[in-house]
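Student: dropping a prediction and its sequence here:
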Amino acid sequence: MTTATAGPLPLVGFTVGVTAARRRDELTNLLKRRGARVVEAPTMRIIPLEDDRALRRATERCLEAPLDYVVATTGIGWRGWMSAADGWGRGAALADACRDAVVLTRGPKATGAVRASGLGETFSPDSEAVDELLVWLLARDLRGRRIAVQEHGMPLDSFAAALRERGAEVIEVPVYRWAPTEEPEAVRRLVEQSVRREVHALAFTSAPAAVALLDHAEEAGLRGELLAALRSGEIMAACVGPVCARPLLDLGIPAVCAERGRLGSLVRAVTDELPQRNRRQLRGPGVDFILQGSAVLVGEESFWLTPNAAALLRALAERPGWVVSRADLLRRVWAGTNADEHAVEAAVARLRTALGPWGRLVRTVPKRGYRLELTA
């Protein structure tokens, strides 16, 4: 579908895949307000465990004897734990037990939640990495110490095992857990669109969500293609913070990270980076043309193009004013398909229609191909 709109916004022309479950609507709306089109495909879901027996048993264990250390890994998890304890009539006792212990927090969100519950933290690593919390703890004498570890969606088996090896009693507190998505078809479509380069960026708000997307790609037989698109930068990976980005970085995928681990910062990072990667300015008859993502910006108007039309226009714009043959366009835009030169002719006609009054700038050069009558 092709549309023309007035007053281009910074992300007009770009399609962003949102993989978040929690705060999905907020992230989607922030991106849309900046002009982006959004493909929503939550790759995981969070299951709260307020009524879970394991959480209650862990809480009671924390109250059986004084705690020496308490590790808070996420803000949502800490708040959920305190709320559940309140519901069981054990909130005050749990707060007192944590107040008498040394509290460690993984990053600003966990720190904010701990402070909001009337407690204070002794240590919080700038990296927001669980590994740094472990190093800090292992530097202490842990023999006979009782340590409560609030997990963040998945068991921290190696973390707990390292503490137990030093003689500590570790109480693992599973406040919520990650579970498979309820929208697998949406995730599959996002993978396919990404492989076809119809998506310009993928936004991640948690490391498990990033891993889950790659797992879905593997199930579809497209993991290699998705990794290639992400590693090359053709699709930008945008992460809410360094912890979220870690599994991608480990796979050689360059990730753009938000500075402060907030959704607003994530959207700003996408807004700042995407136009730099996929924006081309050309000069036309008395007006500038900006090719941005899958749109053309002319003055105060923006024309959204289909993925094929956008790829066709980018191919012509690589050397504006030069003739590009049908065979060359076929190779660049339809590689790996059974399309023939008639597909090129039809696509050029659709591109001209999409560009409205500017369609005449895509000129046919008889027996040779097409050229874009613009200058760099």
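Tutor: Done, it's in. Numbers count the residues shown, from 1 in each chain.

Student: find the residue closest to R283 in space, skipping its chain neighbours.
Tutor: If you skip the residues right next to it in sequence, R283 has T375 as its closest partner in space, 4.7 Å away by Cβ to Cβ, 6 or more residues apart in numbering. The C-beta positions use only the backbone N, C-alpha and C, and glycine is treated the same way.

Student: for that neighbour, give me its contacts.
Tutor: Shown here is T375, whose contacts under the criterion Cβ atoms under 8 Å, 6 or more residues apart in numbering are L282, R283, P320, G321.

Student: got phi/psi on it?
Tutor: When quoted as degrees, to the nearest 10, the phi and psi of T375 stand at phi -120, psi 150.

Student: one more: A139?
Tutor: Summarising the backbone geometry of A139 under the convention degrees, to the nearest 10, its torsions are phi -80, psi -10.

Student: next: G252.
Tutor: The main-chain torsion angles of G252 are listed as degrees, to the nearest 10 and equal phi 80, psi 20.

Student: before we move on, what about G336?
Tutor: In this entry, G336 is assigned phi and psi values of phi 80, psi 10 (degrees, to the nearest 10).

Student: counting neighbours, what do you get for it?
Tutor: Other residues near G336 number 5, with proximity taken as other Cβ atoms under 10 Å.

Student: just the buried ones out of the contacts of T375, please.
Tutor: Among the contacts of T375, the ones that count as buried by 16 or more other Cβ atoms under 10 Å are L282, P320.

Student: nearest to L297 among the contacts of T375?
Tutor: L282 (10.8 Å; Cβ to Cβ).

Student: which residues touch the closest residue to that closest one other than its chain neighbours?
Tutor: Nearest non-adjacent residue to L282, counting by Cβ to Cβ, 6+ apart: L374, 4.1 Å away. Applying Cβ under 8 Å, 6+ apart, one finds that L374 lies in contact with L282, R283, G284, F289, A317, P320, G321, L361.

Student: want to throw these into CSV with pLDDT, distance to A209 and secondary structure?
Tutor: Listed next are these as CSV, based on pLDDT from 0 to 100; distance: Cβ to Cβ, whole Å; DSSP: H, G, I helix; E, B strand; the rest coil:
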residue, pLDDT, distance to A209, secondary structure
L282, 89, 38, strand
R283, 87, 42, strand
G284, 81, 42, coil
F289, 89, 37, strand
A317, 90, 35, helix
P320, 89, 40, coil
G321, 90, 45, coil
L361, 91, 42, helix
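
Student: save the residues you listed as a markdown table, and put in distance to Y69 too.
Tutor: Formatted as a markdown table, the contacts of L374 follow (distance: Cβ to Cβ, whole Å):
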| residue | distance to Y69 |
| --- | --- |
| L282 | 61 |
| R283 | 64 |
| G284 | 66 |
| F289 | 61 |
| A317 | 59 |
| P320 | 64 |
| G321 | 68 |
| L361 | 67 |
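
Student: and the furthest pair within those residues?
Tutor: F289 and G321 (13.0 Å).

Student: can you give the distance of stretch 167-176 from its chain's centre?
Tutor: 29 Å (Cα atoms, centre = their mean, to the nearest Å).

Student: L329 - that's part of a helix, no?
Tutor: Yes - using DSSP: H, G, I helix; E, B strand; the rest coil, the assignment for L329 is a helix.

Student: now do the helices in the stretch 51-200 of the chain.
Tutor: Taking DSSP state H, counting those that start in this stretch to define them, one finds helices in the stretch 51-200 of the chain at 53-64, 75-87, 91-99, 108-116, 130-138, 157-165, 184-195.

Student: so which of those helices is nearest L266?
Tutor: Closest of the helices of the stretch 51-200 of the chain to L266 is helix 108-116, at 13.3 Å (criterion: Cβ to Cβ).

Student: could you say which helix or strand holds the closest residue to G264 other than its chain neighbours?
Tutor: Counting by Cβ to Cβ, 6+ apart, L30 is the residue found nearest to G264 once chain neighbours are left out, at 7.0 Å. Assigned by DSSP states H and E, L30 falls within helix 24-33.

Student: can you give me the helices for the stretch 201-350 of the chain?
Tutor: For the stretch 201-350 of the chain, the helices identified by DSSP H, counting those that start in this stretch occupy 207-219, 223-232, 242-249, 263-277, 307-317, 326-333, 341-354, in order along the chain.

Student: could I get the ones you listed as TSV with distance to G293?
Tutor: Formatted as TSV, those follow (distance: least, Cβ to Cβ, whole Å):
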stretch	distance to G293
helix 207-219	21
helix 223-232	15
helix 242-249	22
helix 263-277	7
helix 307-317	7
helix 326-333	16
helix 341-354	14
